[in-house]
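In: I would like the atomic coordinates for the input below:
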Amino acid sequence: MPGEKIYAIDDDESIRLLYKVILEKEGYEMTMQESAEAGLEELEKNKYDVLLLDIVLPEKSGIDILPEIREKYPEMNVIMISGYGDMEVVMNSFRLGAYDYVAKPFSKDYLLASVKRCIKKRVPLETMHEYNECVDYLYGISKAIKEPMPIDKLINLIISAGMSTLKADSGSLMLVDEDNQELVIKKTLGLNKKKIKNSRIKIGEGISGWVAKEKKPLLFVDDYAGNPQFVKNEPRRNIKSAVIVPLLLEDKLLGILNVNNITSERTLTDQDLKLMTIFSKDCAKAIARSIA
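Out: Residues are numbered from 1 along each chain as shown. Below is the predicted model:
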């Protein structure tokens with residue numbers, strides 16, 4: 001609940017101002033420093049609930065000081081902030097004990113959601129180990145898809161990696177047809193193709209169409225529960241939970257990756273959504289190279 005103390009270490013004055021505007025409006029107490037040295041000194045004096053730690057800082061980086069912070073202040077969750085969204089940076093952050101990772105530029109909603117997750121949840125150690133294993137696996141896939149390969153093989157690898165990481169039983173990948181403003185299903189795994197009514201979906205229609213239009217990732221659980229923007233759609237009773245992420249190259253939409261659970265009892269989570277959102281950045285780059 002609002003009132004928790006949030007601390008930020010970031011050398012960018014505009015970002016610090018953005019933190020202040022967004023988080024204080026929600027009722028959080030904000031304190032900020034602009035360097036690693038000053039940041040560490042402040043932590044010795046006062047206790048905070050969440051730390052927003054920029055990776056790129058003068059002299060010492062956020063990655064450099066993260067191990068010391070996690071050792072001295074284990075009860076304070078750390079969100080790493082960076083303009084670098086590749087899997088290697090993300091993997092190092094999680095290996096060193098970061099709770100979450102937010103890539104610049106970020107939206108108000110995305111930042112708030114990350115802060116709220118940090119405050120509300122304490123992740124068991126075994127869960128963090130499993131999560132780190134998933135990050136390592138996706139990092140390996142991200143390196144693999146940097147190599148040239150046929151687009152069909154690339155798409156199959158991306159879907160398979162998403163399903164394997166989330167322990168999901170089905171998935172699909174759609175690419176954008178810009179001329180017709182549609183999403184075209186290029187590959188499905190684990191889905192009954194006879195039940196797929198249309199291989200094309202208008203951008204803005206249905207769940208995938210909404211993700212494409214808004215360019216925002218979505219966690220979908222139990223039909224349309226908790227998602228009032230979809231109440232007019234026909235319920236998809238066969239899908240228990242799904243993660244749907246846009247494949248964006250900067251701000252250009254290339255496609256949509258869907259990872260679903262139809263028969264599995266495992267419900268997909270915010271952590272799953274975060275993993276696929278990070279992975280999607282490397283996927284978009286690989287697809288852009290393949291279709292160029």
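In: chain center to whichever helix in the chain runs longest: distance?
Out: Taking DSSP state H as the assignment, the helix of the chain that covers the most residues is helix 270-291. Once both centres are worked out by Cα atoms, centre = their mean, to the nearest Å, helix 270-291 turns out to sit 9 Å from its chain's centre.
In: swap in stretch 156-164?
Out: 16 Å.
In: which residues are in contact with that stretch?
Out: Here stretch 156-164 makes contact (Cβ atoms under 8 Å, 6 or more residues apart in numbering) with 137-138, 141, 144-145, 149, 168-173, 187-190, 243, 257, 259, 276, 279, 283, 286. The C-beta positions use only the backbone N, C-alpha and C, and glycine is treated the same way.
In: so where is this structure shaky, pLDDT-wise?
Out: 1-2, 84-86, 121-129, 193-198, 222-238 (pLDDT under 70).
In: could you chop it up by domain?
Out: 5-122, 150-291 (automatic domain parsing).
In: for residue 130, which of those is the nearest?
Out: Residue 130 lies closest to domain 150-291 among the domains of the chain, at 9.6 Å (Cβ to Cβ).
In: need the distance between the two termini of the closest one.
Out: 9 Å (Cα to Cα, to the nearest Å).
In: ok, which stretches of the stretch 1-150 of the chain are strands?
Out: Using DSSP state E, counting those that start in this stretch, the strands found in the stretch 1-150 of the chain span residues 5-9, 29-33, 50-54, 77-82, 100-103.
In: of these, which stretch is the most buried?
Out: The highest mean neighbour count among the strands of the stretch 1-150 of the chain, using mean count of other Cβ atoms under 10 Å, belongs to strand 50-54: a mean of 25.
In: what pairs with that one, parallel or antiparallel?
Out: strand 5-9 (parallel), strand 77-82 (parallel) (DSSP bridges).
In: show me how far the first one is from its chain's centre.
Out: In this case it means strand 5-9. 21 Å.
In: OK, contacts around residue 185?
Out: 172, 173, 174, 196, 199, 200, 201.
In: wait, I meant residue 33
Out: Contact partners of residue 33, counting by Cβ under 8 Å, 6+ apart, are 7, 8, 9, 39, 42.
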